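# Okay, structure incoming, though there's no sequence with it:
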């Protein structure tokens, strides 16, 4: 394997390798920006970056406060220097919402600020089991007053509208007046992408009884966002202290002023309910959030925190991964999985953005990352979330149909980047040209069916997606006489974004063939099992017998690139005819090329951004021999820059399959701690959600060698690096399987449901409650 | 030939077919916008659209006033929806300058406005021999006063800073107070492209003695524009009437009020001098224009008009084309040639914009249109202007070097669209990808040398252009093993903009080979004839022997596409493998596709915007057999939309060569009157300068079959359509040749200089003053 240009495998850890938590041991401005992303909280519905409760006075570009609700976006006219027809007119940008976390502390007239006075003790811990972020510190004010402060916050996973903060202050060496000012600060704006600083307009501030509300609206999309807060301040004796409301500027605020005795502590619980509704009736909105916040207060902070822990206990009991002998990776798996849970929408109307809910980069758009990288983890661990991700596509099918019309195609073409289901990219050579997204979604539907057996989903939603995407392919390609009337697809781009506008991208052609074949299979299945549904669907989408014939003909005559001389699958018609370049001859600081080279300077070379043919070797691996996989890997690997964080995991998985264990482990190391080690030096922008998800793929599909091509889970596990063991669980239909690798043995056990058949290293096994212990293959 | 989608060959003429003028016989709002372009005036330095002197009160979008100076532009930040690296940061937009033509007339309190009262008589005539635009009208005011108004205006061709207006008013049925208000109106803005309405800022207005000045600045580019005017008003007796200056708002103004007797006429001469200077000293600027305007006044309007006529007499004596039997085409040739003269810069620092100086469209940018279409006309008629166009490229060579670096190339890459020599396009798939522009410029240099014999130009300027462009090609391509180590060029776009990002575009590869070979030839020539110059140049641009070796190897191993099965030259590696589409199946209203279809919807088909391989058949026609030309024409013609106005002329020329006379004539008809017939329904945006130039190419290279591959003019003339005859002149080195076709005979005559050898239909002839009359071939 080529030495990666960002070879940081040996750097000292940024965070101690603790199994269930991430700890920041001292505060430094230099790390603040990154830690805002690392310590982001989320619950699928909303997210908040790890900014502090008090006002931050550090230098510019060391903090990007961010509060988001999944799918809540603003639209602006896209400016084009030179227009081409049928381009998207409106951008979609996730909006930085009112900051409900704000709490300022005053010791008489001295404002608490870690950048003034003296920070005597500091630590911040993200607790992955409890789902809470806790900051603990001792601070001496410039005037010499010492306080101990402990702040806990969490976004409720079981009640996703709720955000909660517990803020405790203890006077250590003084007695005197203290003020706490808790606010929802609506005077915020996006830090990136939006030109209009007033994308978010304040509609109402209401101060009523113990609840303060802020209602804001994103005029460009008609989305209203309501936030309601209740602050409950108790002294050490448990007496409630009353505060004073105000509505300064664009927010709501409650101020508590009181005398604190030396050695005693006060305790503020802040309850916030957030809700975003399109074209909201503001009365209804404020009533809904009032009810939500009142119910939260009634339960109390302690109970809500307990429920948070119970939710996570349940989650980890399914999703946890255990690694023996590699604490860095152990921590990484859990951290990555935790962020996946935090950022992925689960209501069927929202998705998972490239940066999750941890930053504004990529504008909050979701990509094919969802189906190809994020989906598999949920499929085997939280299939109801996998289902909701597919539902999101179903609910945006109408937009996908219009998107197909935009490029003169029938059927549906899913957008490359989107929030609302419409294409949001203004650069079609980096977006629309990637037609493969249709097949990626079809592939996820098929996988969902295979793993869950949820036939009803297919009847109600999946079939329509499959038919409409197959339609797109049939219209998109054509039978080319000079290629013996094989079905060809030109002007496409495979996963490798460094080769757009090519013909017969191998990945795309194979996946399109898969999509067409699957559509025929689904049609036959529905004809058999749900004829009424099929009849209704056929009529509604006007599906004809001619079309089915075309699908059959296109699928069976699909042009499948192969170069006999080199024994490889050419990435596309032109790839092998391009100039080669030694990656090591490119100065390190010019990577990633996508950020430094003119596109035309990249495209002319055999330069690959990310796994393309090699990804095909994984997704449709049953159609290729091991020798083919090896020669493709050997050919493409030295040409791949891994300039996309989606790349190393796929190379790792195929490296495992073809026996390149060292490559597999090295590539794994480039994905596992991408954010914990700040491998790409840009974690401050937000976490790399799909890359985090790909770590799970490396473990399950790479090290454990899991494949599921024909409905049977097949494994070929081994122990990578210096690991002594690892274990994970998989849900398959009504069953749950545990796989534990220890030393030379693999142990398969059924944890739930009916016994299942699997394959271990080619050997068929029936797994039941007692489990089966087998030798793992020696490489 | 396919019926063209805009088959307007039979529509009634918009302008009478008069040989030396263009006449508007009645005023109508509906035609106003178009006529502003048709009646544009220019002199290479500046231009003014055919707006009226008085304020226009017609509806929106029926007028776009425009006053331009060649090369005077503003820059604005280009906004990118999604950024890719190394894109141009600043736009370049020709600026709509202060309107110096403005003159308002008041009959007491009634303001002259053709849209009020009654327009009893009206005509406007552009006189091509005199170079003047004359409007004559009789108008009855709403109050019943009748006046006769005659306005003549011209931009001086011999003194290009000068604009002149003669404005006469005769009181027909009344006696009374009349006012004339003459201004330079600086309160103007661009109608397109510029976001900033104050791109042009007024710096000074000066009213001194009889001269009024306006100094404005384009802050974004530091270009100052000064305009000075003198108005001289005379009554019928020849007495000067004095006027009153003012500086209202953003302009300068002179008002004359006087009593006019019934039946008498007053006569206003307006003299304006315009000058643009970068980083000007405003005192120097105002002094220069003061001097210029004073000198103009001294000469007087009559004398200046006479000099205009003399300039044109001289011009037409070289450049005129005579057609017998086709008055529509006769008029078109002169009109087109006249516009070429009006819009083409001649100072070596300015060029010819796509719309000339007749509108803001294409932002005033020049393209390859200049070398490939506009240059040939000047080369054979006004070689000093051809030279200045090449000098413009020489003077922007440093920007072209930086442009090459931008895409990681050595040598120089000329920009696709520019004013200042830097690439101004924000859409590289429609610009930078067209690397062929380098070879197009090299081709023009070679042609210039061949036709003028101006070796000094080669030593001083040409060689450096040729070496730097050859360098670019050598670096741009590579020897591809799978193609037997032939030299290939991928990710390019030929002239056909519907196929960008392709490999081995046939046109590009052939032209690159030409460029490399010519560089070697020039090197050898300089080594022989100007060794000192060569030594200096080699050192300055660091040219090595290795490079020359590479040029030789690249040129001789250039991959030259040919498909034996189809006996055609494939347009590129992918073209023949794309889907075919019947052009007649596309609804007429969807043409031009570039304005209605998503680029990806176009690119997937065998769809051609404009002559590509067929243009190659013209430019390097000596490298292809007649049979090859015919099969290429037959293959590509049905696939060509002619969505570019640069296309039909080329098809016409090759159709003539291969004996498709009807095609040749039909395609000619689509170019000749493109603006006079408003063929593309967008003449209001400005004239189609390169298309106008291509008409000349059709006559000389198509109908007369002129080629000049080896330094000898070869002809193969015939009579197209119902023509009875035609004639034109060509300057070649120190000689001038007349070619006259009448009936079955061609008559060649030497008008100036030494006798020259030509070829007529393969037969070598020596042409001297007496001339040679020969039979033309019968087709």
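Yep, it's here. If you're wondering where the values come from, they're calculated on a predicted model, not measured in any experiment.
# Need the pLDDT of the residue in the stretch 151-300 of chain A positioned nearest to chain B.
Residue nearest to chain B within the stretch 151-300 of chain A (CB to the nearest CB): residue A:195, separated by 8.7 Å. Bear in mind the C-beta positions are built from the backbone N, C-alpha and C, glycine included. pLDDT, residue A:195: 91.
# is it true that it touches residue A:76?
Yes: counting by CB atoms under 8 Å, residue A:195 does reach residue A:76; the two are 6.1 Å apart.
# Same drill for the two, tell me which one is more crowded.
residue A:76 (17 against 12; other CB atoms under 10 Å in any protein chain shown).
# who touches residue A:78 in this structure?
Neighbouring residues of residue A:78 by CB atoms under 8 Å, 6 or more residues apart in numbering or on different chains: A:87-91, A:426, B:81.
# give me that answer again for 6 Å
A:91, A:426, B:81 (CB atoms under 6 Å, 6 or more residues apart in numbering or on different chains).
# Just give me the closest of the residues you listed to residue B:483.
Comparing those against residue B:483 with CB to CB picks out residue A:426 as the nearest, at 36.1 Å.
# tell me the secondary structure for the closest one?
Under DSSP: H, G, I helix; E, B strand; the rest coil, residue A:426 falls in the coil class.
# residues near it, how many?
If you count neighbours by other CB under 10 Å, residue A:426 ends up with 20.
# Could you find the closest non-adjacent residue to it?
In space, and not counting its chain neighbours, residue A:426 is closest to residue B:81: 2.6 Å by CB to CB, 6 or more residues apart in numbering or on different chains.
# Could you tell me how many residues sit around that neighbour?
18.
# Please tell me I have it right and it contacts residue A:428.
No: Residue B:81 is beyond contact range of residue A:428, at 10.4 Å (criterion: CB atoms under 6 Å).
# Over to the closest residue to chain B within the stretch 51-200 of chain A. Which of the three states is it?
Nearest residue of the stretch 51-200 of chain A to chain B, counting by CB to the nearest CB: residue A:81, 2.6 Å away. Classification of residue A:81 using three-state DSSP returns coil.
# now the residue lying closest to residue A:716 once chain neighbours are set aside, what's its secondary structure?
Closest residue in space to residue A:716, ignoring its immediate chain neighbours: residue A:705 at 3.2 Å, by CB to CB, 6+ apart. Under three-state DSSP, residue A:705 falls in the coil class.
# Up against chain B, what does the stretch 551-700 of chain A have?
Within the stretch 551-700 of chain A, the positions adjacent to chain B are A:574, A:576-579, A:596-601, A:603-604 by CB under 6 Å from any CB of the partner chain.
# Now whichever strand in chain A runs longest: buried residues?
Ranked by number of residues, the top strand in chain A under DSSP state E is strand A:265-278. Within strand A:265-278, the residues that count as buried by 16 or more other CB atoms under 10 Å in any protein chain shown are A:265-277.
# Skip the chain neighbours and tell me the closest residue to the one residue sitting closest to the centre of chain A.
Centroid-nearest residue in chain A, with CA atoms, centre = their mean: residue A:689, separated by 3.7 Å. Of all residues not flanking residue A:689 in the chain, residue A:356 sits nearest, at 4.5 Å (CB to CB, 6+ apart).
# so what's the one you found up against?
So residue A:356 contacts A:343, A:687, A:689 (CB under 6 Å, 6+ apart).
# Just give the nearest non-adjacent residue to the first one, would you?
Computed as CB to CB, 6+ apart, the closest residue to residue A:343 that is not its neighbour in sequence is residue A:356, at 2.7 Å.
# That neighbour belongs to a strand?
No: Residue A:356: not assigned to a strand; according to three-state DSSP it is coil.
# Against residue B:77, how distant is it?
32 Å (CB to CB, to the nearest Å).
# quick one: contacts of stretch A:31-51?
Stretch A:31-51 has contacts (CB under 6 Å, 6+ apart) with A:24, A:62-63, A:65-70, A:101, A:126, A:133, A:155, A:157, A:160, A:274, A:342-346, A:357-359, A:678, A:683-684, A:686-687.
# after the helix or strand residue A:122 falls within comes which helix or strand?
Assignment of secondary structure by DSSP states H and E places residue A:122 within strand A:118-127. Using DSSP H and E, the next helix or strand after strand A:118-127 towards the C-terminus is strand A:132-140.
# Sheet partners, orientation included, of the following helix or strand past that following strand?
Per DSSP H and E, the first helix or strand lying C-terminal to strand A:132-140 is strand A:146-155. Using DSSP bridges, strand A:146-155 pairs in its sheet with strand A:132-140 (antiparallel), strand A:162-171 (antiparallel).
# In JSON lines, list the ones you listed along with mean neighbour count and mean pLDDT.
Below are these laid out as JSON lines (neighbours: other CB atoms under 10 Å in any protein chain shown; pLDDT from 0 to 100):
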{"stretch": "strand A:132-140", "mean neighbour count": "19", "mean pLDDT": "98"}
{"stretch": "strand A:162-171", "mean neighbour count": "21", "mean pLDDT": "98"}
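# Can you add distance to residue A:642 and give these back as CSV?
Shown next, in CSV, are the strands paired with strand A:146-155 (distance: least, CB to CB, whole Å):
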stretch, distance to residue A:642
strand A:132-140, 32
strand A:162-171, 37
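# closest one to residue A:309 among those strands?
Of these, the one closest to residue A:309 (CB to CB) turns out to be strand A:132-140, at 8.4 Å.
# ok and the closest one relative to strand A:118-127, angle-wise?
Using axes from the mean of the first three to the mean of the last three CA atoms, to 10 degrees, the direction of strand A:132-140 lies 170 degrees away from that of strand A:118-127.
# For residue A:731, name its beta-bridge partners.
residue A:736.
# Please determine how far it is located from residue A:378.
Using CB to CB, we find residue A:731 at a distance of 10 Å from residue A:378.
# got it, and residue A:333?
For residue A:333, the distance to residue A:378 - CB to CB - is 15 Å.
# Would you mind measuring from the residue sitting furthest away from the middle of chain A to residue A:582?
Relative to the C-alpha centroid of chain A, counting by CA atoms, centre = their mean, residue A:175 is the outermost residue, at 47.5 Å. Note on residue A:175: its distance to residue A:582, by CB to CB, is 71 Å.
# follow-up on the earlier one: in terms of secondary structure, what does the longest strand of chain A contact?
Using 3 or more CB pairs under 6 Å, 6 or more residues apart in numbering or on different chains; DSSP states H and E, the elements in contact with strand A:265-278 are strand A:162-171, strand A:223-234, helix A:282-299.
# can I get the ones you listed in TSV with distance to residue B:295?
Putting the helices and strands packed on strand A:265-278 into TSV (distance: least, CB to CB, whole Å) gives the following:
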stretch	distance to residue B:295
strand A:162-171	79
strand A:223-234	67
helix A:282-299	73
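# just the ones you listed: most buried one?
Counting by mean count of other CB atoms under 10 Å in any protein chain shown, strand A:223-234 has the highest mean neighbour count of the helices and strands packed on strand A:265-278, with a mean of 24.
# State the mean pLDDT of the helix or strand where residue A:440 lies.
Element membership for residue A:440 (DSSP H and E) is helix A:437-452. On average, the pLDDT along helix A:437-452 is 98.
# Can you tell me which of the residues of the stretch 551-700 of chain A next to chain B end up in helices?
Counting by DSSP state H, the part of these found in helices is A:599-601, A:603.
# Check chain A for its longest helix and report it.
helix A:506-529.
# got the buried residues for that helix?
Buried residues in helix A:506-529, counted by 16+ other CB under 10 Å: A:506-520, A:522-523, A:525-526.
# Hey, what's the angle from that helix to helix A:437-452? Just curious.
Using the same axes, to 10 degrees: helix A:506-529 against helix A:437-452 is 50 degrees.
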